[in-house]
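# No letters, just coordinates:
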């Protein structure tokens, strides 16, 4: 049996409708669904108000009840699903490996662009601090790459004459010397 088909069957209907295979939300689909629901609610309310004005107030009550049960509650369910579907991993910054790599690539590209600018030292010091922050909060599997990027940017900052303060976090190397007694 194909593992991709098995994994696709395990995804919830909401995940299949509103998220791609990597778990990223499909923003155009979500926006289209919200616009569609807004149009449906507006059109339905207009028709219900016309019917109520023509002498049938029961239609208005039926529309309000049906709209709440069949439109608004499912929409709230989708919103709730969006809010709870992504939880931060234990001990990690909440980023997937792909997101962490994108952040590190961005920081490295911005640091390379900053070299040679008049304010290069300040920019590179900032990018080095950000890279160390990523190294401190990244998942354990992404920490080595984040440390490598932080050290690279820190070296660029040192060449530009910027003092960089390393945080004493998880990704920062420990000072040399005897281990403290526990």
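That came through fine. The model shown is predicted, which means the values in this text are computed figures rather than measured ones.
# who touches residue 20 in this structure?
residue 26 (Cβ atoms under 8 Å, 6 or more residues apart in numbering). C-betas here are computed from N, CA, C, even on glycine.
# Quick check: mean pLDDT of the longest helix seen in the chain?
Ordering each helix of the chain by length in residues (DSSP state H) puts helix 27-53 first. Mean pLDDT, helix 27-53: 89.
# if I look at the residue nearest the centre of the chain, how far off is residue 61?
In the chain, the centroid-proximal residue (Cα atoms, centre = their mean) is residue 95; its distance is 7.5 Å. Distance, residue 95 to residue 61, by Cβ to Cβ, to the nearest Å: 49 Å.
# can you give me the helices for the chain?
3-10, 13-18, 27-53, 57-67, 73-84, 97-114, 120-137, 143-159.
# Run through the neighbouring helices and strands of the longest helix of the chain.
Where contact means 3 or more Cβ pairs under 8 Å, 6 or more residues apart in numbering; DSSP states H and E, helix 27-53 is packed against helix 13-18, helix 57-67, helix 73-84.
# Residues touching the longest one, excluding its own?
What it means is helix 73-84. Contacts of helix 73-84 (Cβ under 8 Å, 6+ apart): 12, 14, 18, 25, 30, 33, 34, 37.
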